[in-house]
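1. Okay, here's the prediction I keep looking at, along with the sequence it came from:
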Amino acid sequence: MQIKDVLLAPGSGAFFYDDQAAIRAGAAQDGFIYAGEPITPGFTTIRVPASSLSVGLVLTDDMVVWGDLLNVQYSGAGGRDPLFETALISDLTSRIVKPRLLDLDASRYLDACAQVLEPHEHKRLPLAVEYGVSQALLRAAAHLQRKTMAEIICAEFDLPLPTCRVPIYCQSGDAREINVDKMILRSVDILPHGLINSRQKFGVGGQTFLEFVKWVATRTREIGRPGYHPVLHFDVYGWIGQEIGLEPQTIADFICKVADTVPDFTLNIESPADFGSTQAQIENYANIVSIVDNRGSSARIVVDERCNTLEDIRLFAEAKATHLVQIKTPDVGSIADTARAVLICKTNKVGAYVGGSCTETDLSAQVSVHVSVATQADMMLAKPGMGVDEAFSIVGNEQNRLLAMLNRRRAQDEKIGMKSTVSHAQLS
């Protein structure tokens, strides 16, 4: 036994849980809040402060390693788990998960996850529980083996030690212009998200959105350093489909039109439409991708809604129903499944974007960095929060520290290998 106790501590996420259905239905913003009644079950108001629950594993050497249980900003939308309720999650974790943790070999990461996160009463554990507990188990394995979390992932999935950084993507929240400037001054790889989540922000026929895209490109040229050339990535929360209709040809035409206005940039369009189910999403997104590709457009389609679990990601990737998958880490569940999802995308030659949510914490963000770097994802989200600076520093600094440690480990291994070769030669 390597885990002798389990601690639980209530906490906060770095942003707010929002009722997407109410916002889509036209709830007006009043300062930072939304006016009106919530629609999605579990919400008492349209915007709710994000909560979390930390789980701490007390190891036999008295080291305590932590993971954070939480849900995404738009909980209960697009087939996702319902709004996070700390009391309910804490009770379930204490009754069901804690006993499993106390009888466990925590040094074997994938085996530990499989044992602890098995279904209860024929139902999968809440994905928030899978997410937080798997983070803590990864930290435990890293501590027990005296390795980084990335090295544990590499060992478990038979991957080489990575050498390259993963591009970082920042999100602006509603403070679009100010935060775009911050991103450009920091030379962020991919920007700005834009939070195009209402008719007001998208505009009649998409005109407001189109003007914003052109402004971002112009602003990048105006204040960016020489040679700075980011990818432009916009999340439109299904508003292309809502505003101009759900015909794949029409949607593809609009996306290509947007790309043509910024011809010097690669353009990512996330969640262009919501077709109501995973199967419908796959079929229609595959059509949109095919049309965009046949047009030779620089635009790339990114799927988020209706692509939540590992199995969903496999279906989209195999059907080539997207150019990039947002692997939304809390929705996937176990962080081990995030690693599996990246590898599935790579196998199917589909881009892997390790995302997540602004509602996450510093701990969950750091774990995501290790998984992203270990699996060499195509991009990863700067998180948590919506302030740019904090998220970019948490994710960017963790990546830089990790790569420094991996470079040292690689140099040590090469030195040991050289000594072994010399010794073998001397014996010969």
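-> Structure received. Numbers count the residues shown, from 1 in each chain.
2. Strands of the chain, residue ranges please.
-> Secondary structure of the chain, counting by DSSP state E: strands at 3-18, 29-30, 33-34, 47-59, 64-69, 168-169, 190-193, 231-235, 267-270, 299-303, 324-327, 351-354, 379-381.
3. Just the buried residues of the fourth one, please?
-> Residues of strand 47-59 classed as buried: 47-48, 50-59 (neighbour count, 16 or more other C-beta atoms under 10 Å). The way it works is simple: take the backbone N, C-alpha and C, and place the C-beta from them, glycine included.
4. Could you pull up the mean pLDDT of it?
-> Averaging pLDDT along strand 47-59 gives 97.
5. Strand partners (parallel or antiparallel) of that strand?
-> Strand 47-59 has the following strand partners under DSSP bridges: strand 3-18 (antiparallel), strand 64-69 (antiparallel).
6. Deepest-packed of those, please.
-> strand 64-69 (a mean of 23; mean count of other C-beta atoms under 10 Å).
7. which outside residues touch that one?
-> Contact partners of strand 64-69, identified using C-beta atoms under 8 Å, 6 or more residues apart in numbering, comprise 7, 11, 52-59, 84, 89, 93, 128-129, 131-140, 143, 360-361, 363-364, 367.
8. Repeat that for stretch 29-45.
-> 17-23, 25, 27-28, 46-47, 75-77, 82-83, 85, 174.
9. Any idea how far apart the tips of that stretch sit?
-> Using C-alpha to C-alpha, to the nearest Å, the span of stretch 29-45 from its first residue to its last is 13 Å.
10. residues of that stretch that come out buried?
-> In terms of neighbour count (16+ other C-beta under 10 Å), stretch 29-45 has its buried residues at 34, 36, 38-40, 43, 45.
11. And for stretch 123-132?
-> 125-132.
12. Now do the same for that stretch: mean pLDDT, whole number.
-> What stretch 123-132 shows for mean pLDDT is 97.
13. Dump it to PDB, restricted to CA.
-> The C-alpha trace of stretch 123-132 is given here as PDB (Å, rounded to 0.1, in the frame of the first residue of the first chain):
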ATOM      1  CA  LYS A 123     -22.500   3.500 -14.300                       C
ATOM      2  CA  ARG A 124     -19.300   5.400 -15.200                       C
ATOM      3  CA  LEU A 125     -18.100   7.700 -12.400                       C
ATOM      4  CA  PRO A 126     -18.700  11.400 -13.000                       C
ATOM      5  CA  LEU A 127     -16.100  12.700 -15.400                       C
ATOM      6  CA  ALA A 128     -15.000  15.300 -12.900                       C
ATOM      7  CA  VAL A 129     -14.100  12.500 -10.500                       C
ATOM      8  CA  GLU A 130     -12.200  10.700 -13.200                       C
ATOM      9  CA  TYR A 131     -10.400  13.900 -14.100                       C
ATOM     10  CA  GLY A 132      -9.200  14.900 -10.700                       C
END
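14. before we move on, back to that, any idea which of the strands paired with strand 47-59 gets closest to residue 305?
-> strand 3-18 (14.0 Å; C-beta to C-beta).
15. That closest one - what's its average pLDDT?
-> On average, strand 3-18 scores 97.
16. can you start the count at 2 instead of 1 from here on
-> Sure thing, new numbering starts at 2, so read that last one as strand 4-19.
17. chain center to it, what's the gap?
-> 18 Å (C-alpha atoms, centre = their mean, to the nearest Å).
18. wait, residue 272 sits on residue 308?
-> No: Residue 272 sits out of contact with residue 308 when judged by C-beta atoms under 8 Å, with a separation of 9.5 Å.
19. Give me the more crowded residue out of the two.
-> A direct count of neighbours by other C-beta atoms under 10 Å for residue 272 and residue 308 places residue 308 higher, at 30 against 26.
20. what residue is smack in the middle of this structure?
-> The chain has residue 356 as the residue nearest its centroid, 1.5 Å off, counting by C-alpha atoms, centre = their mean.
21. And that one, its phi and psi?
-> The phi/psi pair for residue 356 (degrees, to the nearest 10) reads phi -100, psi -130.
22. residue contacts, residue 198?
-> Taking C-beta under 8 Å, 6+ apart, one finds 21, 24-25, 236, 238, 240 in contact with residue 198.
23. if we can go back for a sec, widest-spaced pair of the buried residues of strand 48-60?
-> Using C-beta to C-beta, the buried residues of strand 48-60 reach their maximum pairwise distance at 48 and 60, which is 38.5 Å.
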